[in-house]
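1. Predicted structure and sequence below. I'll ask about it afterward.
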Amino acid sequence: MKILQVNKMYSPDIGGVETVCQQYSECYSKQHDVTVLCVNKNFKFFGTTTYINNVKVIRCSSLGTFFSMPVSFSFIFNFFFQFLKCDVAFIHLPFPLADLSLFISYFIKRKVYLVWHSDIVKQGFLKKLLFPLLNWTVHAADQIIVTSPKMLEHSSSLRGVVDKVLIIPLSIDSIKIRGISSLNAEDLFSELNLSHVSKPLDGLFFGRLCYYKGVYVLLNMLLLAKKSGLNCKVLIAGCGEYSSVVESFIKKHELSNVFFVNRFLSDAEKYYLISKSKCFLFPSVEVSEAFGITQLEAMCLGVPVINTNLASGVPWVSLDHVTGLTVEPNNAKQFLHAFSLLLSNDCMLKKFSVNAVDRVNSEFDDSVVFNKLNLLIKE
C-alpha cells in the first residue's frame, strides 16, 4: 500500500506535530511504501528528496512563512501528483496549504484521514477568512483522528462531524526510554554545568520556549517559591523566543537554584534528567498545547506531572490526583501550591509515580497505539 503523510515540516525539524508525523510514517513504513510531503523550514528556491529511516521525504521549495504557515507554490503541484499515486493520505492539520491542495484535488478519490492536532488558535482572522475551506476539508475527509477526548469536546471545527472522529492518542517507546534513562550518564551534569548541584532535581521543564508554554508562569512561580522560603532546585532547558527572558529573569531575581540550559536536550539528556527529578513542570497556558508528549516521557519514568487545566488534551494525559496535579492556567500561586504539596508528600509522589507508569503502559505505549493505526488502514 502507498501511504502519503502530509505536514508542514518533518524531521529533523523539531515540534510536537512533526514528531507525530514521523511516528506515523515510521510505523507504516515497516509494511508499506510511505512518502512524506512537507515544506522546507526556511526559504529555498528548490525542493529536495531524501530518505529517513525508510521513509521518502519530499521537501518543497519555500517562500517563507505567513501567519506561522509556510508558503509554497510547488507544494500544491507536488501534492496533486503524490495524492494521485497514493492509496491512503494522512493530512496533519492545521495546515491551510494542505486544505487548499486537497480541495484542488477533490476529483481524485482516495481515502483521506485528517490528523487533527489543534484548531487554528492564534490567527483568528486567518481562521475566519479560511472557514469555508477548512469546513469543506472536515466534511470531505473519510475519518478524523484526534489525540484526546478533550480535543473533540472543545473543538469548534469538529462539532458537525463527530461521527467521523476517532480517538488515537500520541505514543512513546517506553522500552527505549527506560533503557536510555538507565545508562550511566553522570557526566551529563558536568556537560550541562550542573556538577555542583546535588541530586535529585526538585523540578524539571524542557521544551520550546514559546508563547503557549507558560514560561512566565513558571518563572513567577519560582520567584514566589524563593520569597516563601521554598528551597527547590529546578532545571529549565530549551530555546525559542523567550530564551533571553528566562536568562535575564533568573539573573535579575538571583534565582540561584534555578538552572537554565539554552538549547534543546538530546534524548539521553532528557531521560537521564527526568529520572533524577521529583516532578515534571508543564505550565502551558494556551490550547495550542494540544497534548504534551513530554508529559508521557516523564510519566513513563515514574515522574509525576504538574500540568494545567486547558481545554485540550493536556489534563487528560496526566490526570489530576492520579498521575500528578492539575492547576488553572496562568496561576503561579496555584502552581506553587501544587509544587510545594508534591515536594512535601512522599506518599503522594510514590502513588502518582506508580499510577503514571501504569497509565503509559496501558494507554500510550507504541505497542498499543501502533496496533490501532495498523487496524485503521485495514478497515
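-> Noted; the coordinates are in hand.
2. going forward, measure contacts between C-alpha atoms and count neighbours the same way
-> OK.
3. Check for me that I236 belongs to a strand.
-> Yes. When DSSP: H, G, I helix; E, B strand; the rest coil is applied, I236 is found to be in a strand.
4. Hmm, L209 and it touching each other?
-> No. Taking Cα atoms under 8 Å as the definition, I236 is not a contact partner of L209, at 9.7 Å.
5. Touching stretch 133-150 from outside, list them.
-> Contact with stretch 133-150 is made by 96, 99-100, 102-103, 111-117, 152, 157-158, 161, 164-170, 291, 311-313, 316, as judged by Cα atoms under 8 Å, 6 or more residues apart in numbering.
6. just the CA coordinates of stretch 55-65, formatted as PDB?
-> Provided in PDB are the C-alpha atoms of stretch 55-65 (Å, rounded to 0.1, in the frame of the first residue of the first chain):
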ATOM      1  CA  VAL A  55      10.600   7.000   4.600                       C
ATOM      2  CA  LYS A  56      10.700   9.100   1.400                       C
ATOM      3  CA  VAL A  57      10.700  12.800   2.400                       C
ATOM      4  CA  ILE A  58       9.800  15.400  -0.200                       C
ATOM      5  CA  ARG A  59      10.600  18.900   1.000                       C
ATOM      6  CA  CYS A  60       9.100  21.500  -1.300                       C
ATOM      7  CA  SER A  61      10.600  24.900  -2.100                       C
ATOM      8  CA  SER A  62       9.600  27.600   0.300                       C
ATOM      9  CA  LEU A  63       8.900  31.400   0.100                       C
ATOM     10  CA  GLY A  64       8.900  31.700   3.900                       C
ATOM     11  CA  THR A  65       6.000  31.800   6.400                       C
END
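7. sorry, back to before: return the subset of the contacts of stretch 133-150 lying in helices.
-> When DSSP state H defines the helices, the subset of these inside them is 96, 99-100, 102-103, 152, 316.
8. Which PyMOL command selects the buried ones in these?
-> One line in PyMOL is enough to select the buried ones among those; burial here means 16 or more other Cα atoms under 10 Å:
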select buried, resi 96+99+100+102+103+152+316
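9. Taking the ones in helices among the contacts of stretch 133-150 together, which two end up most distant?
-> F103 and W316 (33.4 Å; Cα to Cα).
10. quick revisit: filter the contacts of stretch 133-150 to the buried ones?
-> So, by 16+ other Cα under 10 Å, the buried ones in these are 96, 99-100, 102-103, 111-117, 152, 157-158, 165-166, 168-170, 291, 311-313, 316.
11. all helices of the stretch 151-300 of the chain, in order?
-> Ranges of helices within the stretch 151-300 of the chain are 174-181, 187-191, 215-228, 243-252, 267-275, 293-300, based on DSSP state H, counting those that start in this stretch.
12. about what we covered before: could you dump the ones in helices among the contacts of stretch 133-150 to a markdown table with distance to E286 and pLDDT?
-> Below are the ones in helices among the contacts of stretch 133-150 laid out as a markdown table (distance: Cα to Cα, whole Å; pLDDT from 0 to 100):
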| residue | distance to E286 | pLDDT |
| --- | --- | --- |
| P96 | 20 | 91 |
| D99 | 24 | 95 |
| L100 | 26 | 94 |
| L102 | 29 | 96 |
| F103 | 30 | 95 |
| L152 | 16 | 88 |
| W316 | 15 | 97 |
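13. Can you tell me which of the ones in helices among the contacts of stretch 133-150 is nearest D346?
-> Using Cα to Cα, the ones in helices among the contacts of stretch 133-150 come closest to D346 at W316, 23.6 Å.
14. Now for the closest one: which residues touch it?
-> 148-150.
15. hang on, the earlier thing: which of the helices of the stretch 151-300 of the chain comes out lowest on mean pLDDT?
-> Lowest mean pLDDT within the helices of the stretch 151-300 of the chain: helix 187-191, a mean of 61.
16. do you know how far K251 is from Q143?
-> Separation of K251 from Q143 (Cα to Cα, to the nearest Å): 50 Å.
17. Neighbour count for these two, which is higher?
-> With neighbours defined as other Cα atoms under 10 Å, K251 and Q143 compare such that Q143 has more, 21 against 11.
18. can you pull up the bridge partners for the more buried one?
-> Y113 (DSSP bridges).
19. so G203 sits right up against S275, yeah?
-> No. If you go by Cα under 8 Å, G203 and S275 don't touch, sitting 11.0 Å apart.
20. When the two are compared, which one has more neighbours?
-> Comparing G203 with S275 by other Cα under 10 Å, the one with more neighbours is G203, at 24 against 19.
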